[in-house]
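In: The sequence isn't on hand, but the structure is:
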């Protein structure tokens, strides 16, 4: 009799989706354990671990399609007694009598009810589209912000000065946009830092701390990582560990930028500034 382990292995080898899910669970579990063990290290290290795990999840479906399938041979014990083989004439008579009826009933079942794999695939596709929709709407809103945001000369001057110290050579647009409650960064090739209108009343130190934080997002490429993590979460929407890893990735990214600010500024003043931004949010 086949063991339970052999049955699980056989089912996973015959179902690519199950095999991908098992691999994704192992990758996420290892990444979350590594992040837990590295809790006393820098936030950038934990962010790198989570980014590598989510990147592996993004590659898993592609490798399962490109890579050749692995066949697993399982030994089956032979039966001690074998029944006598029926005569060829009896086999032909049984096949002739049973085949039309079985073929008609099987065709009727296939035509009246969708298969379980079709139902599962439809549910996955609907969930992926549902969770991708907010991301698409957000990207459209960012496009509107880039188009209708007003250029801020004072912020642009400060950003260009501070960008040199952060090792950033690209031009970064600094805008302010009415509906925003706090600073944000967007874009990859042509990044932009967008401030709320009340940032025009901030003093020089508050403005410099906010710009340093956002410049660190630009230097690290956090915006594109955030988009990719959201896409991975949408594809694996049914897996709770994926959402946990995506949430931790965003938090560790913010902490990494906070660390960059704290190397240049007083911690108490920065904490007061963050509290004020959180109250506006």
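Out: Okay, I see it. None of the values given here were measured: they were computed from a predicted structure.

In: all contacts plus neighbour counts: C-alpha atoms, from now on.
Out: Fine.

In: now the helices for this protein?
Out: 4-14, 16-37, 43-66, 88-112, 116-148, 153-165, 204-220, 222-235, 240-262, 267-280 (DSSP state H).

In: Could you name the helices and strands sitting against the third one?
Out: If contacts are counted by 3 or more C-alpha pairs under 8 Å, 6 or more residues apart in numbering; DSSP states H and E, helix 43-66 sits against helix 16-37, helix 222-235, helix 240-262.

In: count of residues packed around residue 214?
Out: Neighbour count for residue 214, taken as other C-alpha atoms under 10 Å: 25.

In: repeat for residue 25
Out: So residue 25, with other C-alpha under 10 Å, has 17 neighbours.

In: pLDDT wise, what is residue 119 at?
Out: For residue 119, the pLDDT comes out at 89.

In: Next: residue 86.
Out: 58.

In: cool, and residue 69?
Out: Looking at residue 69, its pLDDT reads 59.

In: And residue 239, by the same measure?
Out: For residue 239, the model assigns a pLDDT of 95.

In: quick one, which of the helices and strands packed on helix 43-66 is nearest to residue 164?
Out: helix 240-262 (14.4 Å; C-alpha to C-alpha).

In: hmm, who's touching that closest one?
Out: Counting by C-alpha atoms under 8 Å, 6 or more residues apart in numbering, helix 240-262 makes contact with 25, 28-29, 32, 42-44, 46-47, 50-51, 54, 209, 212-214, 216-217, 222, 226, 229-230, 232-233, 236-237, 270, all of which sit outside it.

In: Separate out the buried members of these.
Out: Among these, the ones that count as buried by 16 or more other C-alpha atoms under 10 Å are 25, 28-29, 32, 43-44, 46-47, 50-51, 54, 209, 212-214, 216-217, 222, 226, 229-230, 232-233, 236-237, 270.

In: Can I get the helices and strands packed on helix 43-66 in JSON lines including distance to residue 62?
Out: As requested, these are arranged in JSON lines below (distance: least, C-alpha to C-alpha, whole Å):
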{"stretch": "helix 16-37", "distance to residue 62": "10"}
{"stretch": "helix 222-235", "distance to residue 62": "13"}
{"stretch": "helix 240-262", "distance to residue 62": "18"}
